[in-house]
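Trainee: predicted structure and sequence below. I'll ask about it afterward.
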Amino acid sequence: MRIVVYGLTHAGITIATFFSEAGQDVIVIDENEEAIAELNAKVDAHCVCSNAASISELQKLNLSNIDLFVASSNKDENNLLAAHFAKSIFQARFSVCYLMQTVFAPRHRQKTLQQSQLAIDKIISPEKAIAQHIVNNIAHDAFINVYPIPDLSLYFCVYEFEPENPFIGDALKEWLDHQDVKITPLILKTSHAYDVAHPKDQIRAGHVLFFCCDNQGIEAFNRQNMTDAESISNYVVLGGGRFGAELARRLEKQESVKNLKVIEKDLEKAKTLGQTLEQAIVLNGDALDPSLLEEAGVDKNTLVLCLMDHDENNILSALLVRKMQANTMVLIHTPSYFDVLSSLGLTSLVRTREIIVSEMLSFIPFKAVKILRVFGAYNWLLCRIHIHADSSFLSQNYEKIERKGHIKIAGVIRDEIWMPAVTLEDKMLREKDKVIFIAHKSMIRELDRIF
């Protein structure tokens, strides 16, 4: 594929690096000459210092046969224009626009933009994606992360084996046999790496398992495996910026959330939030001030959502409230922090880049394969294929797909019913089957050819 990325924001750099490492033809455009030079030294991509929101500048570049154009600069107006020009003038197969500012983020504004004459396939708001992810995780506290799979009534689940788990030291099969829900283990993250999971793998404290569940399965698993910790009766959002404000608005609509507070350091932002939020109490002050946290009622029955603009502030506040025995969920932009934070006991992390990149990839129309999510330090993909009448895998054993390389089948959706791979006695694929599987990113170039 030929991919053009405009804008070296966190999302833009991640997308460019991801596709470059996957062996795709990548062009990167940004107005910042130093940022372009820095990226050019790190990735195998054609990096250009230019303004993609200018037709005259774009015409100087060879932008023919573009499969994907991603507009992800820190200027929303430029992103809208660049994505529109790429689609309407340069005939990009698919254009994605990333909006940073809340002025364009509300649903009615996005709908208006998409229904206008702007030729943009998908507009992505990070605030909405992050807020919805957090709401999903609050509802399923047995997991460290839960990701709904669009349009399939499935969830991609991430579960950590804590030290008190009675199956520590046993084979993974023993734990699987004990579960009320049939699970196909996909990836087991150890202290060293993300590897394809096997039933004989020995469970250690801190190991993390990735698997898929349907709606009924995830609720049953959550009931069986939820901790005995005190129930949450108090929710405190640290930071009333774009992420915190959007989350607070959504939490107000949740019946289970009765006691909600927001702490915002900026007085004007705090005033605005106090006027727009209907039920939440807004406190003006420093989220790193222990006395203010005490005023907010932070204790063992509190979930503190650390959503400030800077990772360092979120980490410090999470460590502080943990001393107050509170539960935490921490927004983190920088992937290099993940393993360090896990070693500190901060495992419930909102991985912003991973969520946004997955959101972008899920709308890219590959010929045969649909990418549903990226995970495992951006090295693994959760994917779906649809078995058609002319598919080479029709009436074939699904294990034939796994023999193609770094691929493992999670299960099949057949006649709208989720069937985990471990439950399939008939392994022959049928027409209209939707096959859910994981693949290493090194397989991207091969996936469309294989299927």
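Mentor: That came in fine, so what should we check first?
Trainee: rest of the way, CA atoms for contacts and neighbours
Mentor: Noted.
Trainee: wait, doesn't Leu188 sit right on Phe211?
Mentor: No. With contact defined as C-alpha atoms under 8 Å, Leu188 does not count as touching Phe211 (9.3 Å).
Trainee: of those two, who's got more company?
Mentor: For Leu188 versus Phe211, the count of surrounding residues by other C-alpha atoms under 10 Å is larger for Leu188: 24 against 20.
Trainee: ramachandran coordinates for that one?
Mentor: Main-chain dihedrals, Leu188, degrees, to the nearest 10: phi -120, psi 120.
Trainee: where's it relative to Ser20, distance?
Mentor: 26 Å (C-alpha to C-alpha, to the nearest Å).
Trainee: adjacent strands (with direction) for the helix or strand Gly411 falls within?
Mentor: When elements are assigned from DSSP states H and E, Gly411 belongs to strand 407-414. Sheet pairing here is set by DSSP bridges, and for strand 407-414 it gives strand 417-420 (antiparallel), strand 434-440 (antiparallel).
Trainee: which of those is buried the deepest?
Mentor: Of the strands paired with strand 407-414, the one with the most neighbours on average (mean count of other C-alpha atoms under 10 Å) is strand 434-440, at a mean of 23.
Trainee: what sits up against the next helix-or-strand element following it?
Mentor: Beyond strand 434-440 on the C-terminal side, the first helix or strand identified by DSSP H and E is helix 444-450. Helix 444-450 is contacted from outside by 22-24, 366-369, using C-alpha atoms under 8 Å, 6 or more residues apart in numbering.
Trainee: Ser231: which of those residues is nearest?
Mentor: Val369 (41.3 Å; C-alpha to C-alpha).
Trainee: how many residues are close by the nearest residue to the closest one once chain neighbours are set aside?
Mentor: Counting by C-alpha to C-alpha, 6 or more residues apart in numbering, Ile385 is the residue found nearest to Val369 once chain neighbours are left out, at 5.1 Å. Other residues near Ile385 number 20, with proximity taken as other C-alpha under 10 Å.
Trainee: I'd say Ile385 and Ala368 touch.
Mentor: Yes. At 6.3 Å, Ile385 counts as touching Ala368 under the criterion of C-alpha under 8 Å.
Trainee: domain-wise, how is this protein divided?
Mentor: Domain ranges of the chain: 2-124, 139-225, 234-356, 365-450, per automatic domain parsing.
Trainee: quick check: phi and psi on Pro335?
Mentor: phi -60, psi -30.
Trainee: residues contacting it?
Mentor: Per C-alpha under 8 Å, 6+ apart, neighbours of Pro335: 351, 353, 377.
Trainee: and which of the residues you listed is nearest Leu251?
Mentor: Arg351 (19.3 Å).
Trainee: who's in contact with the residue most central in space within the chain?
Mentor: Residue closest to the mean C-alpha point of the chain, counted by C-alpha atoms, centre = their mean, is Ile355 at 2.1 Å. By C-alpha under 8 Å, 6+ apart, the contact set of Ile355 is 129-130.
Trainee: quick check: it vs Ala92, distance?
Mentor: Taken as C-alpha to C-alpha, the span from Ile355 to Ala92 is 24 Å.
Trainee: next SSE downstream of the helix or strand of the chain with the lowest mean pLDDT?
Mentor: Using mean pLDDT, DSSP states H and E, helix 107-115 stands out as the lowest-scoring helix or strand of the chain, at a mean of 52. Next helix or strand after helix 107-115 toward the C-terminus (DSSP H and E): strand 122-124.
Trainee: next helix or strand past that next one?
Mentor: helix 126-139.
Trainee: name the residues that touch that next one?
Mentor: Residues outside helix 126-139 that contact it (C-alpha under 8 Å, 6+ apart): 98-100, 105, 143-147, 242-243, 246-247, 250-251, 350, 352, 355-356, 359.
Trainee: filter those residues to the buried ones?
Mentor: 98-100, 105, 143-147, 242-243, 246-247, 251, 350, 352, 355-356, 359 (16 or more other C-alpha atoms under 10 Å).
Trainee: any chance of the domains of the chain in CSV, plus distance to Ala131?
Mentor: Conversion of the domains of the chain to CSV gives the following (distance: least, C-alpha to C-alpha, whole Å):
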stretch, distance to Ala131
domain 2-124, 12
domain 139-225, 12
domain 234-356, 5
domain 365-450, 17
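Trainee: on that earlier part again, tell me the one among the contacts of Pro335 nearest to Lys87.
Mentor: Arg353 (24.7 Å).
Trainee: mind checking the SS state of the closest one?
Mentor: helix (DSSP: H, G, I helix; E, B strand; the rest coil).
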